[in-house]
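Asker: Sequence plus the predicted model coming up.
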Amino acid sequence: MASTFDMDSGELLRRGRMAMYIEKDFISADNDKANAEDHGENGCAEGDQKSNALEHDDPEDGQTDGERSENSPNGLCKRLKSLMCPCWSKLNWRLFFNLEASTSADDRKKSSRPSNDNVDKPSSDDAAKIKHLREENKRLKKLAVKFLDEYEQLKTEFLEMSEIKDQLVAEKSNCDRLKAELQDLQRTCASLNAQMSKQSDEHREEVKRLDAELKNAREVVVKLASDKQSIEAKNAKNEQSLLVTENALQTLKITGDALKSELSEQKRLHDVEKSQLNVRMQRVENEKREHQRSIAALQRDIATVEHRARLAEEKILRVKQKIEPVKRKIELLRHQLPLGGIVAIWDLQYLDDRITDAANEVR
């Protein structure tokens, strides 16, 4: 029974010390926030002192404070410390008290043994105390196992977060590289924008120049269209004259053909009248020449008439230019004369009518 108690006490003491090391890591991970929680700070300080006392009593533990601080999940401990520090300090104190009491009782028990190695039965108070301590040790053992499991889980999460941190560092370097490339692209875009702006100004100047040339070309085209219309009008008149002449020639040709057929028939019928027909043919030829001369004279007359028409139009324009000042004077006199000058107005009206008649005659 004593050996079983010693084994349970040693295992419990080992697990308790390990739990206190974990608790020490929890406390050392977040010393910056300790001043905000006065009650938790006092409990954690007592737990640190007791865990330090147990740490000096355990020479078998090969870990150093630096190794434990390196393996401690500082990021997760910061979130758990505010909840676990008050209750863990009480648990730490009770664990220390129970372990010390168990060790003291064990030492007293070993020192009170007789030299003949006879084991006396414990008293009823010691048995009750030992039973209570065993139950307390079992409970603390379960609690320590629970804390160890949570510690392993937190350590696993810490390793995963370390991997995520490495990935984030790699992504950050990649992001910095992309940012540098983006800055290079932005500088390139700015240079291209400046170049495009310069080219746009040059293109605007070129467009203005081309617009001016296009405007001049349009004016030239309008002028050519006007000249073309006037030329077409003249050509229409000439074509009309040529059409009249061609009609006359066609009529003469038809007449000549009829005469030829008639002469042929008369020749077959009346060989005797050949000489007369020759004379008549000569007469027809003469008439044809006369017709041609008449056509030429008619063309000359048409040209003369056109020339006279142009002269008449010019004369009409000059007369109109002369009439306009007279009309303005007439209108001015009409407005300036009093009601008694009706006779003068009639004279002016008569003068105006005469001027209008003269213009009509000129037309």
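Answerer: Received the coordinates, thanks. Numbering: from 1, shown residues only.
Asker: Scan this structure for its longest helix.
Answerer: If you go by DSSP state H, the chain has its longest helix at helix 124-269.
Asker: what residue ranges in the protein score low on pLDDT?
Answerer: Scanning the chain for pLDDT under 70 picks out the ranges 1-123, 270, 334, 336-363.
Asker: which is the next helix or strand following the longest helix of the chain?
Answerer: Counting by DSSP states H and E, the element after helix 124-269 in chain order, helix or strand, is helix 274-336.
Asker: what helices or strands is that next one leaning on?
Answerer: helix 124-269, helix 342-362 (3 or more Cβ pairs under 8 Å, 6 or more residues apart in numbering; DSSP states H and E). Where you see a C-beta, it was placed from the backbone N, CA and C, and this is true even at glycine.
Asker: would you turn those helices into a markdown table with distance to Thr304 and mean neighbour count?
Answerer: Putting the helices and strands packed on helix 274-336 into a markdown table (distance: least, Cβ to Cβ, whole Å; neighbours: other Cβ atoms under 10 Å) gives the following:
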| stretch | distance to Thr304 | mean neighbour count |
| --- | --- | --- |
| helix 124-269 | 13 | 12 |
| helix 342-362 | 18 | 12 |
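Asker: and the ones you listed as TSV, adding distance to Arg289?
Answerer: Shown next, in TSV, are the helices and strands packed on helix 274-336 (distance: least, Cβ to Cβ, whole Å):
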stretch	distance to Arg289
helix 124-269	11
helix 342-362	39
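Asker: what's the spacing between Arg308 and Thr245?
Answerer: 21 Å (Cβ to Cβ, to the nearest Å).
Asker: same deal with Ala233?
Answerer: Ala233 is 19 Å from Thr245, by Cβ to Cβ.
Asker: Equivalent analysis for Phe147, please.
Answerer: 133 Å.
Asker: One more: Arg289?
Answerer: Distance from Arg289 to Thr245, by Cβ to Cβ: 15 Å.
Asker: same thing with His335?
Answerer: Taking Cβ to Cβ, one finds His335 at 57 Å from Thr245.
Asker: Check Lys179 too.
Answerer: Counting by Cβ to Cβ - Lys179 and Thr245 are separated by 93 Å.
Asker: Could you do Arg300 as well?
Answerer: Counting by Cβ to Cβ, the gap from Arg300 to Thr245 is 13 Å.
Asker: got any residues that touch both of the two?
Answerer: Contact criterion Cβ atoms under 8 Å, 6 or more residues apart in numbering; residues shared by Arg300 and Thr245: none found.
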